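In: prediction below, plus the sequence it came from.
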Amino acid sequence: PERTLVLIKPDGVARQLTGEILRRIEAKGYTITALEQRTVGADLLTEHYAEHEGKPFFEPLLEFMTSGPLVAAIVEGNGVIEGFRSLAGATNPTSAAPGTIRGDLGRDWGTTVQQNLVHGSDSPESAAREIGIWFPQR
Ligand code: GTP
Ligand code: MG
């Protein structure tokens, strides 16, 4: 089946939402096949967010993502790449639809980066690339 790379970002872990977010993934019928909590450095995140290097929110994004533990997961299921992004909702938690992770649980904290709880790969190519970064042995 299709695979995607999901991150529960440091705001999600700090707010004790790990279980709630994983519950939604499992309730949808997807399978979690790798799961690890870790704190990572700027090098790994620069690779992960290579497409955003040079954008105004890049440095704050790295600062936020290295600020504490996050949870990385491989999630499997038919259509999971699109399906998880649908579960996550729009990037900006203020406009994310109710019913989504970001819409139900996220809000604008007035920081320089969107603290929007989760990341999900946006294409099969991104998923393969990101799984290679976070779980090189998988
Ligand atoms: P991810 O699932 O985290 O990749 O979110 P996304 O695909 O919805 O957003 P994108 O890949 O465009 O951006 C990556 C992350 O950078 C976002 O999740 C936000 O945390 C942050 N970000 C993106 N765009 C902006 C922006 O315009 N302003 C701010 N402050 N943060 C942004
Ligand atoms: Mg993205």
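Out: Nice, I can see it. Ligands and ions are numbered 1, 2, ... in the order given.

In: quick one: name the residues of the chain near ligand 1.
Out: 52, 57, 61, 91, 112-114, 116, 119-120, 122 (Cβ under 6 Å from any ligand atom). Every C-beta, even on glycine, is put in place using the N, C-alpha and C of the backbone.

In: what is the nearest of the residues you listed to R38?
Out: R38 lies nearest to H119 out of the residues of the chain next to ligand 1, by Cβ to Cβ, at 14.1 Å.

In: how many neighbours does that closest one have?
Out: 22 (other Cβ atoms under 10 Å).

In: how about I101?
Out: 24.

In: pretty sure it contacts L22?
Out: No - here I101 does not reach L22: they are 10.7 Å apart, not a contact under Cβ atoms under 8 Å.

In: could you flag which of the residues of the chain next to ligand 1 are buried?
Out: Among the residues of the chain next to ligand 1, those buried by neighbour count (16 or more other Cβ atoms under 10 Å) are 61, 113-114, 116, 119-120.

In: distance of the residue of the chain most remote from its centre relative to L61?
Out: The C-alpha centroid of the chain is most remote from G54, which lies 20.5 Å away (Cα atoms, centre = their mean). Taking Cβ to Cβ, to the nearest Å as the measure, G54 falls 12 Å from L61.

In: quick one on the thing from earlier: with the residues of the chain next to ligand 1 in mind, which one is nearest to E2?
Out: Taking Cβ to Cβ as the measure, E2 sits nearest to G120 out of those, at 12.0 Å.

In: wait, isn't that closest one in contact with F84?
Out: Yes - under the criterion of Cβ under 8 Å, G120 makes contact with F84 at 4.2 Å.

In: any residues in contact with both of these two?
Out: 4, 6 (Cβ atoms under 8 Å, 6 or more residues apart in numbering).

In: now do the strands in this structure.
Out: Under the criterion DSSP state E, the chain contains strands at 3-8, 31-38, 70-76, 118-120.

In: name the helices or strands packed onto the shortest one?
Out: On a contact count with 3 or more Cβ pairs under 8 Å, 6 or more residues apart in numbering; DSSP states H and E, strand 118-120 meets strand 3-8, helix 80-88.

In: how about stretch 70-81 as CSV, C-alpha atoms only?
Out: Taking C-alpha atoms only, stretch 70-81 is exported to CSV below (Å, rounded to 0.1, in the frame of the first residue of the first chain):
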residue,chain,number,x,y,z
LEU,A,70,8.6,15.5,17.8
VAL,A,71,7.1,12.3,16.6
ALA,A,72,7.9,10.8,13.2
ALA,A,73,5.7,8.0,11.7
ILE,A,74,5.3,6.1,8.5
VAL,A,75,1.6,5.7,7.8
GLU,A,76,0.3,3.2,5.2
GLY,A,77,-3.0,2.8,3.4
ASN,A,78,-4.6,3.3,0.0
GLY,A,79,-4.6,7.0,-0.8
VAL,A,80,-2.9,7.8,2.4
ILE,A,81,-0.9,10.8,1.1
